[in-house]
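> 3D model of this:
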Amino acid sequence: MRYIIGIGNYRMADDSIGLRIVEHIDQNGLGKGFEAVGIADEGMRLLSYLENETERIVLIDAVDLGLAAGEYRLFSPGDVQTTKVAQGLTTHEGDALKVLELARTLGYPIPPLTILGIQPGDLGPGMGLSPALQERFHTYLEIALEEVERD
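Alright, predicted model coming up:
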């Protein structure tokens, strides 16, 4: 199975980008050959998708990349090191890289995994995306769909 997994918090503006992309995929029937999953509340849920049968995961998240709002990068967990000090493993406090590190330590299989990291413009309280992310929404969607199909 292949997955596009969106991580985030709907109440924190641009932090919801991954969830909104997954929601769009579901609402528009775009999930052909993969499952779109939103992880809005508990980052540890990522572990349940790390199985021998998993062929590929595309993880979408708002990530501070030091870029202009709306810019993005594709990378694998091995390409970067987190600098975030996590006190918990919820999506608001936690860190997908730390969850993957824990998974590796516990012996979970780590399938091919690509992170679509999107530079947020606004992480304050709010239910909508900033103009910079809203403007590029369909670009992020297309990239995620291409990545999940990649061999």
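> Can you give me the buried ones in the longest helix along the chain?
Ranked by number of residues, the top helix in the chain under DSSP state H is helix 137-149. Of the residues in helix 137-149, 137, 140, 141, 143, 144, 145, 147, 148 count as buried by neighbour count, 16 or more other Cβ atoms under 10 Å. Bear in mind the C-beta positions are built from the backbone N, C-alpha and C, glycine included.
> Please produce TSV containing these, extended by distance to residue 35.
Below are those laid out as TSV (distance: Cβ to Cβ, whole Å):
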residue	distance to residue 35
137	21
140	18
141	16
143	18
144	13
145	13
147	14
148	10
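> and residue 140, what is it in contact with?
Contacts of residue 140 were listed using Cβ atoms under 8 Å, 6 or more residues apart in numbering, and they are 17, 21, 60, 72, 116, 118, 133.
> check contacts around the fourth one.
So that's residue 72. Residue 72 makes contact with 65, 116, 117, 118, 119, 136, 139, 140, 143 under the criterion Cβ under 8 Å, 6+ apart.
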